[in-house]
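based on what follows, work out the 3D shape:
(chains A, B and C)
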Amino acid sequence: MKMKRVLFILILTVFCLTASSCWSRRELNELAIVVGFGIDKVGDQYQVSLQMVNPSEVVTQGEGTGRTPVIVYKEKGKTVFEIIRRLTTLTPRKAFFSHMQIMVISEEVAREGIKKALDFFWRDHEIRFDFFIVVSRKSKAEDVLNVLTKLERIPSRKLFTSLETAERYWAPVNAATLDKFVRTLLAEGIAPTLTGISIEGDVKEGGERENTEDVSREVSLKYKGIAVFKEDRLVGWLNEMESKGKNYILDNVNSTVGSVRCPHEEKHFTIEVIRAKAKVIGKVENGKPAIYIDQVSEANLSEIQCSKLDLSQPRTIKMIESATEQRVKNILQSTIYAAQKKYKTDFLGFGEAIRQADPEYWSKNKQNWQQEFVKLPVHINVDVNVKHTGKVSNSFIKEMEDSKSEKE
Amino acid sequence: MIAAIFIFLSGVLVTWIEFRRAGRQINRKEQILFLFILGIGIGLSMLKAIGVPIPNPMDFAIAFYHPFYDLLIEFFGQKGS
Amino acid sequence: MNQEEKISSYQLLLLATFFTVGSSILELPSTLVTIAEQDAWIAMLLGIAISAIMVGLYLLLIRQYPGKNLHQINEAVFGRKIGGIVSFYLTAMTFFLGPPTVIYYLGRFLSIQIMVETPASSTHLLYGLLAIFAVALGIEVIARVAEILFPIFFILYLGLMLLLIPLVEFERLQPVFEHDFKTLLWASIFYVQFSCFPIIIMLTSFQGKVTQQKKAPKAFFLGNFFGGSILFITTLISVLVLGKLTALFNFPSYVLAQKINVGDFIQRIEMVITVMWFITLFFKLVLYFDSAVVGFAEILKIKNHRFLVVPLGILIIYFSLTNFPNDVYQLNQDKTTWIPHSFFLGVLYPIVVLIIGFVQGKLKEKRKGIHRPSESKGG
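Residues are numbered from 1 along each chain as shown, chains lettered A, B, ... in the order given. From the prediction side, this is the model:
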């Protein structure tokens, strides 16, 4: 009896020692926190660049040592994971990926197809899906990660937050996380897209610490255009107008602004869209597919340069609405042209709309959807409702013009 | 669609609360009037939530009052500002 | 339940003040300056004079028919059928045009100045529900709320106006009397249409509910006058501080509050004016709403008017969301419908009633000898 009790206590002690959940522990001072990840192609090998945080430089209290807030390490190899492990020969600590903010893929890699490079991120336990993927346009991913930024000390953090903000307040970008990208990659009848990033200014100067100390030094990172994919290969870039239209159609617009020409003058007014809703409806009539796009938005008038618009008349608002509707329609048409004629890839999800409307037709025509898609008729219906005109009704510009004409 | 269902449910809830609160004090006429006016409000709101275009009664009001307004404008010699 | 509701004459005064100030405290200076430019304050004085006469007329009306509300007077003067139609037209039209506009003003202000991306439906719904709650609790509660909120409102108002005095420039008033009388009268109509003519609907809610019957007319008159004075000072300060710029802004009082800066210490206090505006708009909305509920109950011959509160409230919220497609439509609509309607309601109608009542009284006197006109009941 006594023997049993002793044994019991012994076993408990062993459990306490072994099962105290400190097995694969990794203390903070052993980690190198990775915030940015870049993939390039050198020869037939991949080159991975990691942007890691220099903790002593990022702290807000106390003075830094004057070194850069981040360090970029790079290494070549055949597979991504192999490169990462090989990087331990370079880095003092083991890389920790859970705080990754951004992944930059160079245009070269994207044009060849990116699915090979992405599997590791999909598989590894440390990776979360909440970082954004962007394509570096006309420059290497490594160079993008090398640029030091001003307002935000960690460049990757800057890329993340500015993409997040831009997506909310400016239509022509689209922030894609890994899971979103893979989902569109897998889905039938829709092709993925990614936002492009480019370096403005001299690439070499961007990495110097002086870049953050000089107000006017013009090396900065900027989101530019949207990369269009066919399967996993990049086929082209959308310009600003086409990007805007793409986000309108896919209902990604939360809030944006757009300038429209005044009805009778060579001046412009600006419309701030505060709510936008778009529906892509597929229909198959008599065996022929067609797409109907319904776009409804609520907007405020936020800037007026026109001198002939009289805002005390309700019909002026009607005029403004129809001018804006025409403008939005043009934007949507340019995007549809880009999809059907320029790049011939269905990144607008028309195939999916048709599949939802008529699964039978879809399963029959899935194979030759490429040919069908190019000549698919698209009907656009745009409805803009202007609600408020801001703090003032008529612009002081109009008052000036009016008093001028009174004097004459 | 979901919004319309919510509006309908809130209408039902309001009716239930009101009838329960009043107990037996309500007479038939009051009940009918309550349901009638509530029905108009809830019905119109549901139609609006679904997206059915409803004519704006304000347009009729404007059409009705516009002649009188024009008379006033003429009397005061204003430009309708 | 309704018969037991009682309010004091002081509370009546406060309610009349709140009704008069209403939405005008934020918007009125802009309209007045658009028409009368630097003479806006003269137009305002003219408006106060007109409203004094008109309110006097309304008081004459209730003296002729003591203890009766507007709809009972209608029945007495026009007879059951025509009186019913007149009552219905006035009540329904005021209900349709009045309270939804008040809610829309609030929603518009919020979505322009403070919460741009919040959908109108949520702000309208919240404010509408508040009004439903208040009206369901009855006029006695509303009056007590007025008693609590008035000191807050008045202290904030006085503070704002005093802090604006350093910014005053008297040259902005010149030239005085640049505009002719007709223009000034036209401008003053924009004051009386909101603040004086519609105040007649308050007679529906209050008849027979004020504890000191004799003091009620005086309180009513003074409340209107007091509210008018508040608006007069606001307009005057607007002209003195902003000058002709007042016309450009939709909410000049808000801009005024933004200009306040006392020694880099008291500044950025424009939210104060938002609070004031919330308070005054609330009472305007609730008073319109309550009079509509009482009026409809009277017309439809329902004893328990509490039953109508929720359905009518839902209608108000619905109308506030759908009546106005955009700002410009609303501003235009406000002028074309509300000016004639308030004219019918506040000028034409009481005068006609007074004349008919007077003639009827005379006729009866002839027939039956001596008879007091207040007891006459038309057939």
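
spell out which parts of the stretch 151-300 of chain C neighbour chain B.
Those residues of the stretch 151-300 of chain C that sit near chain B, judged by CB under 8 Å from any CB of the partner chain, are C:182-183, C:185-186, C:189, C:300. Any C-beta I mention is one placed from the backbone N, CA and C, and that applies to glycine too.

residue of the stretch 151-300 of chain A nearest chain C, please.
The shortest separation between the stretch 151-300 of chain A and chain C is 5.2 Å, found at A:I274 (distances taken as CB to the nearest CB).

so what's that residue up against?
A:I274 sits next to A:255, A:298-300, A:387, C:116-117 when contact means CB atoms under 8 Å, 6 or more residues apart in numbering or on different chains.

of the residues you listed, which belong to helices?
When helices are assigned by DSSP state H, not one member of the contacts of A:I274 lies inside them.

compare those residues and tell me which has the most neighbours.
Counting by other CB atoms under 10 Å in any protein chain shown, A:A299 has the largest number of neighbours within those, with 26 neighbours.

what's the per-residue pLDDT of that residue here?
Looking at A:A299, its pLDDT is 90.

would you quantify the distance from it to A:V386?
Per CB to CB, to the nearest Å, A:A299 is found 5 Å from A:V386.

which SS class is A:K279?
Under the three-state scheme (DSSP: H, G, I helix; E, B strand; the rest coil), A:K279 adopts strand.

what's the neighbour count on the nearest residue to it once chain neighbours are set aside?
If the residues on either side of it in the chain are set aside, A:K279 comes closest to A:D294, at 4.5 Å by CB to CB, 6 or more residues apart in numbering or on different chains. Residues lying near A:D294 (other CB under 10 Å) number 15.

enumerate the residues of chain A near chain B.
Proximity of chain A to chain B is assessed by CB under 8 Å from any CB, with A:S312 identified as the residues in range.

which residues touch the residue nearest the centre of chain A?
For chain A, the residue lying nearest the average C-alpha position, counting by CA atoms, centre = their mean, turns out to be A:A175 (2.3 Å). Contact partners of A:A175, counting by CB under 8 Å, 6+ apart, are A:132, A:163-164, A:166-167, A:195.

same question, A:Q305
Residues in contact with A:Q305 (CB under 8 Å, 6+ apart) are A:262, A:267-269, A:395, A:397.

next, the contact list for residue 262, please.
Just so you know, I chose chain A. With the criterion set at CB under 8 Å, 6+ apart, A:C262 makes contact with A:268-269, A:305-306, A:308-309, A:323.

you looked at the wrong chain, it should be chain C
If a contact means CB under 8 Å, 6+ apart, then C:V262 has C:163, C:166 as its contacts.

next, count neighbours for A:E164.
Under the criterion other CB under 10 Å, the count of neighbours that A:E164 has is 12.

need the three-state assignment for it.
helix.

distance from the chain centre to stretch B:55-75, please.
Relative to the chain's own centre, stretch B:55-75 is displaced by 20 Å; criterion: CA atoms, centre = their mean, to the nearest Å.

which positions in that stretch come out as buried?
When neighbours are counted by 16 or more other CB atoms under 10 Å in any protein chain shown, the buried residues of stretch B:55-75 are found to be B:56, B:58, B:61-62, B:65, B:68-69, B:72-73.

now, which of these lie close to chain C?
When contact is defined as CB under 8 Å from any CB, those meet chain C at B:56, B:58, B:61-62, B:65, B:68-69, B:72.

for those residues, which one is nearest chain A?
Out of those, the one with the shortest distance to chain A is B:I62. That distance is 9.5 Å, counting by CB to the nearest CB.

wait, that closest one sits on C:Q333?
Yes - using CB atoms under 8 Å, B:I62 makes contact with C:Q333 at a distance of 5.8 Å.

what does the stretch 1-150 of chain C have sitting close to chain B?
Of all the residues in the stretch 1-150 of chain C, those lying near chain B are C:34-35, C:93, C:96-97, going by CB under 8 Å from any CB.

mind running it again at 7 Å?
Counting by CB under 7 Å from any CB of the partner chain, the residues of the stretch 1-150 of chain C lying close to chain B are C:34-35, C:96-97.

can you give me the helices in chain B?
Under the criterion DSSP H, chain B contains helices at B:2-22, B:28-50, B:57-76.

let me see the backbone angles for A:F37.
In terms of degrees, to the nearest 10, the main-chain angles of A:F37 are phi -140, psi 130.

which residues does the closest residue to it other than its chain neighbours contact?
Using CB to CB, 6+ apart and skipping the chain neighbours, the partner closest in space to A:F37 is A:M103 (4.6 Å). Taking CB atoms under 7 Å, 6 or more residues apart in numbering or on different chains as the contact definition, A:M103 lies against A:37, A:131, A:133.

show me what the spatially closest residue to A:S259 that is not a sequence neighbour is bridged to.
Closest residue to A:S259 apart from its sequence neighbours, by CB to CB, 6+ apart: A:H268 at 4.4 Å. Beta-bridge pairing of A:H268, defined through DSSP bridges, involves A:R261.

A:K244 reaches A:N330, doesn't it?
No - look at A:K244 against A:N330 with CB atoms under 7 Å: they stay out of range, at 10.6 Å.

circling back to that earlier point, paired strands for the host helix or strand of the residue nearest to A:K279, with orientation please.
Here A:D294 sits within strand A:288-304, counting by DSSP states H and E. Under the criterion DSSP bridges, strand A:288-304 sits next to strand A:268-285 (antiparallel), strand A:378-386 (parallel) in its sheet.

residues contacting the residue nearest to the spatial centre of chain B?
To find the centre residue of chain B, average its C-alpha atoms and take the closest one (CA atoms, centre = their mean): that gives B:G41, at 4.9 Å. Under the criterion of CB under 7 Å, 6+ apart, the contact partners of B:G41 comprise C:311, C:314-315, C:318.

which stretches of chain B have low pLDDT?
Counting by pLDDT under 70, chain B contains low-confidence residues at B:23-26, B:78-81.

up against chain C, what does it have?
With CB under 7 Å from any CB as the criterion, chain B comes near chain C at residues B:14, B:18, B:30, B:33-34, B:37-38, B:40-42, B:44-45, B:48, B:56, B:58, B:61-62, B:65-66, B:68-69, B:72, B:76-78, B:81.

same question, the stretch 151-300 of chain A
For the stretch 151-300 of chain A, the contact set with chain C under CB under 7 Å from any CB comprises A:255, A:274.

change it to 10 Å
Among all residues of the stretch 151-300 of chain A, those adjacent to chain C (criterion: CB under 10 Å from any CB of the partner chain) are A:168, A:254-255, A:272, A:274-275, A:298-300.

for chain A, which segments are assigned as strands?
Under the criterion DSSP state E, chain A carries strands at the ranges A:31-42, A:45-53, A:70-77, A:94-96, A:102-106, A:132-136, A:176-177, A:193-200, A:220-230, A:233-238, A:256-261, A:268-285, A:288-304, A:378-386.

for those, which one sits closest to C:I266?
When those are compared for distance to C:I266 using CB to CB, the nearest one is strand A:288-304, at 30.5 Å.

which parts of the closest one are buried?
A:289-293, A:295, A:297-302, A:304.

excluding its backbone neighbours, what's nearest A:V374?
Leaving aside its chain neighbours, A:V374 sits nearest to A:Q340 (5.3 Å; criterion: CB to CB, 6+ apart).

also A:D251?
Leaving out its chain neighbours, the residue that sits closest to A:D251 by CB to CB, 6+ apart is A:A278, at 4.5 Å.

also C:G138?
Closest residue to C:G138 in three dimensions, ignoring its sequence neighbours and counting by CB to CB, 6+ apart: C:E5, at 5.6 Å.

cheers, nothing more for now.
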